[in-house]
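Chemist: what's the 3D shape of this:
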Amino acid sequence: MESEFPLQRAPQALTDRSSDAQTPSATIALEPAPDRTDAMKFGIFYEISVPRPWENDIEHEVYHRCLEQVRVADEMGFHSVWAVEHHFLEEYSHCSAPELFLTACAMQTKQIRVGHGIVVCVPQFNHPIRAAERAAVLDILSDGRLEFGTGRSATWTELGGMDANPDETKETWDEYTRTIPQMWTNERYGYEGRAFRMPTRAVLPKPYQKPHPPMWVAVSSPGTEIDAAERGMGSLGLTFGGFAEQEEKVNRYRTRIQDCEPAGLFVNERVATVNFLYCHPDNETGIKVGSRLTGSFGYLAAQLLPVREVHPTRSYPNPGLLAATRQQAAQNPGEGVSAPEGVCIGNPDRLVEEIKKWESCGVDQINFLLNALETIPQEQVLDSLRLFGEQVMPHFVDDKPATTSEPRELAATAAAGGD
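Modeler: Residues are numbered from 1 along each chain as shown. Modelled structure (predicted):
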């Protein structure tokens, strides 16, 4: 007997089965976005770098230090904690199962949101059904605190290690972003496309947040902010490049998202950047210690192998973040007496000034890297977090009533939500 839940097929742009592409037969109103305020939000961001030598339970120590930092951030009122997915990157990142780390974060905190970002949307890394299922469980266990970030990896070490074809990752990422929300919101769902196919099944459980968690795109190279905007997804970007470049990106993003075709059932139009954080009562000391943090991260990033250096492809037109961090490492190899533009190291007054500049560029969330290679002792990291929470965050409180994004309309199939 034929199912009452029809199979969705990828649009012609994503599949060579053009004769099977369905014609949209219904129009549904998108849900309003979850409430958001206009105040700047702050998060913490983890790669979980582990320095050599890997002995004496160092991984255990690093992970538990990170959890302690998350507990303090929750107490200080930080908005979110983010963890990336990386594989094979030796000292740079031991965060290969971020959903497990974030579950531990959720169990040990009360209000901080958990950012599963990014999930690598490539079949050799994660099947989309498993990504949808794991994210839904994390949303349930965290009582609806999940932020869902997507991306496709930027290093040959990872893509080559998983035997993934870089020429295909953008198409597969696009299929994931279009189909995972449908798995979350439909009772049953089926799909046939280029990246994967599945018969009609009930993908369970469903997320706690309705209609589904906010969705984001990792923006680490020029132009990716347009990919995020076109799909109505938040821009999870990186700061390297200075205020003028960031403002230009934000303006392009804000303009394009007005005419987006949302991947999900609501538009997430937030713009986040990643930054460094070291806050100290004395500005010179804060910059000196914070420069060790930025220098250590630059040292790590310089070891990464961008896709295009091994596999030239239009899918990865430039090294993006990797080039920027290499350049920054060359300019700031160790302790310094001045901080690069926009980097949040120094005393509270300096940090307030820098964050206001980011705010004026249109950024509404900053996620901070707190350490790299365990360069800064744990107690100093915790003191920095507390000082930031006590003397910087109060300058960026919610002073306007909550607003919501306007509902949009999306052509959809009768099965609720085709492309």
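Chemist: Stretch 191-209 - what's its average pLDDT?
Modeler: Averaging pLDDT along stretch 191-209 yields 97.
Chemist: Tell me if Thr375 really is in a strand.
Modeler: No: membership of Thr375 in a strand is not supported by DSSP: H, G, I helix; E, B strand; the rest coil, which gives coil.
Chemist: Not counting sequence-adjacent ones, nearest residue to it?
Modeler: Nearest residue to Thr375 in three dimensions, chain neighbours excluded: Ser296, at 4.4 Å (C-beta to C-beta, 6 or more residues apart in numbering). C-beta coordinates here come from the backbone N, C-alpha and C atoms, glycine included.
Chemist: Quick check, pLDDT for the one you found.
Modeler: What the model reports as pLDDT for Ser296 is 94.
Chemist: three-state assignment of it?
Modeler: At Ser296, secondary structure determined by three-state DSSP is helix.
Chemist: contacting residues around it?
Modeler: Ser49, Ala372, Leu373, Thr375 (C-beta atoms under 8 Å, 6 or more residues apart in numbering).
Chemist: Is the first one in contact with Leu373, as I believe?
Modeler: Yes: Ser49 lies in contact with Leu373 (C-beta atoms under 8 Å); the separation is 5.3 Å.
Chemist: list the buried ones in stretch 346-359?
Modeler: Residues of stretch 346-359 classed as buried under the neighbour-count rule (16 or more other C-beta atoms under 10 Å) are Gly346, Asn347, Pro348, Arg350, Leu351, Val352, Glu354, Ile355, Trp358.
Chemist: Give me the distance between the last one and Glu284.
Modeler: I take that to be Trp358. Trp358 sits 22 Å away from Glu284, going by C-beta to C-beta, to the nearest Å.
Chemist: Tell me the backbone dihedrals of the nearest residue to Leu370 once chain neighbours are set aside, please.
Modeler: Excluding its sequence neighbours, the residue lying closest to Leu370 (C-beta to C-beta, 6+ apart) is Val381, at 5.3 Å. Backbone torsions for Val381, taken as degrees, to the nearest 10, come to phi -60, psi -50.
Chemist: what's the most centrally placed residue in the chain in contact with, if anything?
Modeler: For the chain, the residue nearest the mean C-alpha position is Gly117 (3.8 Å; C-alpha atoms, centre = their mean). Residues counted as contacts of Gly117 (C-beta under 8 Å, 6+ apart) are Trp82, Ala83, Val84, Glu147, Phe148, Gly149, Thr150, Gly151, Trp216, Ala218, Leu236.
Chemist: switch the cut-off to 10 Å
Modeler: For Gly117, the contact set (C-beta atoms under 10 Å, 6 or more residues apart in numbering) comprises 43, 45, 80, 82-85, 98, 102, 146-151, 215-218, 234, 236, 272, 367.
Chemist: The closest residue to Gly160 other than its chain neighbours: neighbour count?
Modeler: In this structure, Gly160 finds its nearest non-sequential neighbour in Val310, 7.0 Å apart by C-beta to C-beta, 6+ apart. Burial measure for Val310: 14 neighbouring residues, criterion other C-beta atoms under 10 Å.
Chemist: swap in Pro214?
Modeler: A count of nearby residues for Pro214, using other C-beta under 10 Å, gives 21.
Chemist: and the residue lying closest to it once chain neighbours are set aside, what helix or strand is that in?
Modeler: Taking C-beta to C-beta, 6+ apart, and ignoring the residues beside it in sequence, Pro214 has Asn268 as its nearest neighbour in space, at 4.4 Å. For Asn268, there is no host helix or strand (DSSP states H and E).
Chemist: Then Pro213?
Modeler: Of the helices and strands defined by DSSP H and E, none includes Pro213.
Chemist: Quick check: Gln365 touching Gly234?
Modeler: Yes: taking C-beta atoms under 10 Å as the contact criterion, Gln365 and Gly234 are neighbours in contact, 8.5 Å apart.
Chemist: the more surrounded of these two?
Modeler: Gly234 (27 against 24).
Chemist: how far away is the residue nearest to Thr375 from Phe388?
Modeler: Separation of Ser296 from Phe388 (C-beta to C-beta) stands at 19 Å.
Chemist: swap in Glu374?
Modeler: Applying C-beta to C-beta to Glu374 and Phe388 gives a distance of 20 Å.
Chemist: circling back: neighbour-wise, which of Ser49 and Leu373 wins?
Modeler: When Ser49 and Leu373 are compared on other C-beta under 10 Å, the one with more neighbours turns out to be Ser49, at 24 against 19.
Chemist: what about Ser221, which SS state?
Modeler: Note that with three-state DSSP, the state of Ser221 is coil.
Chemist: Can you get me a residue count around it?
Modeler: 19.
Chemist: Over to Gln111?
Modeler: When neighbours are defined as other C-beta under 10 Å, Gln111 has 11 of them.
Chemist: Thank you, goodbye.
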